[in-house]
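> Coordinates only, no sequence provided:
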């Protein structure tokens, strides 16, 4: 294969530079989160395609400009045969680096529920990721809201006390499918839904999230 030598024009580099300048002049597409197509995997493919195309043009801060549904936190999704919940976020906050001090632009970090096993996604967005997780749980695990409310984890999950806590939940809930969530008696602060904390690899959802104005639940005895 021939390579460029000193003094020889690199035609491919010139063409790439011209294309970058053309894209800069044309402007960056706005609010890519509203693209056509639905489902977790279609959204992630669109995100990656956009980043691949526009990162060389933007050079710095492409993640602030993309405006697409992406994996903003937590473990990367794994495609499953059965329906399982997953949450994606889209950052619609101001991306102008000159506005960082005292910015008054309108925009939010928003969340939407998706499924790792099919193309379902909820039609609305939330300002809290826990509410998006609940949407996805309603899709993937019918009847989960009727599960007993249990005491929250108070120790490291891998500790002896943490393992005893998990065993007490397994005894109370009985046989559950993979990804089944638990509902814990958490109100006030520290009520975020935590992925992967249930004995079946599902969410730990605070009762305050699904019943914010309810009375204190009756607590079953945990062994």
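Here it is on my side, so go on. What you see is a predicted model, and the numbers here were worked out from it, not measured in a lab. Residues are numbered from 1 along each chain as shown.
> Which element is encountered next along the chain beyond the helix-or-strand element of the chain with minimal mean pLDDT?
Least confident helix or strand of the chain, by mean pLDDT, DSSP states H and E, is helix 11-26 with a mean of 54. Once helix 11-26 ends, the next helix or strand along the chain (criterion: DSSP states H and E) is helix 40-58.
> can you give me the mean pLDDT across that next one?
The average pLDDT for helix 40-58 rounds to 81.
> Likewise for stretch 178-185?
96.
> In it, which residues are buried?
Neighbour counts using 16 or more other CB atoms under 10 Å place 179-184 of stretch 178-185 among the buried residues. Any C-beta I mention is one placed from the backbone N, CA and C, and that applies to glycine too.
> of the residues you listed, closest to residue 86?
residue 179 (10.2 Å; CB to CB).
> how about the closest one, what does it touch?
82, 84-85, 140-141, 200-202 (CB atoms under 8 Å, 6 or more residues apart in numbering).
> ok, 10 Å please
Residue 179 sits next to 80, 82-85, 116-117, 137, 140-141, 144, 195-196, 198, 200-203 when contact means CB atoms under 10 Å, 6 or more residues apart in numbering.
> Go through those residues and flag which are in helices.
Among the contacts of residue 179, the ones falling in helices (DSSP state H) are 137, 140.
> Which ones among the contacts of residue 179 map onto strands?
Among those, the members falling in strands (DSSP state E) are residue 85.
> which of the contacts of residue 179 count as buried?
Using 16+ other CB under 10 Å, the buried ones in the contacts of residue 179 are 83-85, 116-117, 137, 140-141, 144, 195, 198, 200, 202-203.
> how about those, which pair is most distant?
117 and 198 (17.7 Å).
> which residues of the chain score low on pLDDT?
For the chain, the stretches flagged by pLDDT under 70 are 1-37, 59-66, 72-74, 95-107, 213-223.
> re earlier: can you add distance to residue 68 and give the buried ones among the contacts of residue 179 back as CSV?
Shown next, in CSV, are the buried ones among the contacts of residue 179 (distance: CB to CB, whole Å):
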residue, distance to residue 68
83, 23
84, 22
85, 20
116, 18
117, 22
137, 24
140, 23
141, 27
144, 29
195, 21
198, 30
200, 31
202, 27
203, 24
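> Contacts only, for residue 210.
Counting by CB under 10 Å, 6+ apart, residue 210 has contacts 130-131, 134, 137-138, 144-145, 149, 183, 193.
> The same query, at a cut-off of 7 Å, please.
134, 145 (CB atoms under 7 Å, 6 or more residues apart in numbering).
> any idea how far it lies from residue 181?
10 Å (CB to CB, to the nearest Å).
> Narrow the buried residues of stretch 178-185 to those in strands?
Per DSSP E, the buried residues of stretch 178-185 map to strands at 182-184.
> would you turn these into JSON lines with distance to residue 94?
Conversion of those to JSON lines gives the following (distance: CB to CB, whole Å):
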{"residue": "182", "distance to residue 94": "38"}
{"residue": "183", "distance to residue 94": "37"}
{"residue": "184", "distance to residue 94": "36"}
